[in-house]
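Novice: 3D model of this:
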Amino acid sequence: MSASTAVARPPFAVEVKVRATDESALVKGLLIGTALAFLTVLLVLPLAAVFYEALRKGLGTYAAALAAPDALAAIRLTLLTAAIAVPANLVFGVAAAWAIAKFDFPGRQVLITLIDLPFSVSPVVAGLIYVLVLGAQGWLGPWLAAHDARVIFAVPGIVLASVFVTFPFVARELVPLMQAQGTEEEEAALTLGASGWQTFRRVTLPNIKWGLLYGVILCNARAMGEFGAVSVVSGHIRGQTNTVPLHVEILYNEYQVAAAFAVASLLALLALITLGLKSSIEWRTRRERVALSPEVPYR
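Specialist: Here you go, the predicted structure:
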């Protein structure tokens, strides 16, 4: 390129970038203030209200509400449900993402659509579907009754509903990540004599570890906080089929406001912990990207 050509070339991209970001301090202040006000009204104030109402009558009332037998039973059931649903979705999510990202097969698009199904179906509708299929008057109800197997209004139904509403999280987090990484590293490992399990453990898994952990955290938060689908299939049996969100609803309907907010504070703490872990994973992911690609700006 000659010197005259270089001088005559207008820096359109630079000029457009400067115009697009060169806003006055007033405009920037209005945008930031509006965003902060929105977050304060919709997120910060409700969260502060939960802890304020939970502790308003003192730590004794707060501790008594959490130590109540029904509350302990709800906490145990919630932890049990998450302990089953999260590993199940972890296995399914990794297998589905690996199949979708690494292979072409008949029905691939159908599998992608099915993964997105819980996002498009109301949780209440999902619960009703389980009742229609597995309930006493459902398609499989007589067969289950004949074999003395209870699914609806029992722990298995709660677990099935939780698995349904949470299974997209891990898969949806891993599919674009694994597609972006391609198959070159796995093919190289197989060419060098690694087995399929060795390739997954030493090549695929290290590349997806942060995305996998991110999906697991979101899946766990949804499993422990799910209300709609679990409400339909649980039967609201106190001490047996009530999870923490259902127990909060019952306490509030019975005008036990302090106890309801005390138990709800557990879910609020879970949300804060989830947010902290999410931010930590995003920070580590950006840091690793900068280490691999120094030209990417680090923020």
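Novice: Tell me which residue lies nearest the centroid of the chain.
Specialist: Nearest to the mean C-alpha position of the chain, by CA atoms, centre = their mean, lies L218 at 2.3 Å.
Novice: For the helix or strand containing it, enumerate the helices and strands it packs against.
Specialist: Using DSSP states H and E, L218 sits within helix 205-225. Applying 3 or more CB pairs under 8 Å, 6 or more residues apart in numbering; DSSP states H and E, one finds that helix 205-225 contacts helix 69-102, helix 155-166, helix 168-181, helix 244-253, helix 257-292. C-beta coordinates here come from the backbone N, C-alpha and C atoms, glycine included.
Novice: what is the rounded mean pLDDT of it?
Specialist: Averaging pLDDT along helix 205-225 gives 90.
Novice: what do you get for stretch 89-101?
Specialist: 91.
Novice: Give me the contact list for it.
Specialist: 105, 108, 111-112, 115, 163, 166-167, 169-171, 173-175, 177-179, 181, 200, 204, 208, 212, 215-216, 219 (CB atoms under 8 Å, 6 or more residues apart in numbering).
Novice: Buried ones among the residues you listed?
Specialist: Buried subset of the contacts of stretch 89-101 (neighbour count, 16 or more other CB atoms under 10 Å): 115, 163, 166-167, 169-171, 173-175, 177-178, 181, 200, 204, 208, 212, 215-216, 219.
Novice: Let me see the contact set for T166.
Specialist: 85-86, 89, 118, 219, 222-223, 226.
Novice: brain fart, V257
Specialist: So, once contact is read as CB under 8 Å, 6+ apart, V257 ends up touching 53, 251.
Novice: Could you point out which of the helices and strands packed on helix 205-225 sits nearest D148?
Specialist: Nearest to D148 among the helices and strands packed on helix 205-225 is helix 155-166 (12.9 Å), distances taken as CB to CB.
Novice: which phi and psi does the residue nearest to G127 when sequence neighbours are not counted have?
Specialist: With sequence-adjacent residues excluded and distances taken as CB to CB, 6 or more residues apart in numbering, G127 is closest to V232, at 2.8 Å. Phi and psi for V232, reported as degrees, to the nearest 10, are phi -70, psi -40.
Novice: I'd assumed I129 was in contact with V232.
Specialist: No. Contact criterion CB atoms under 8 Å: V232 and I129 do not qualify, at 9.2 Å.
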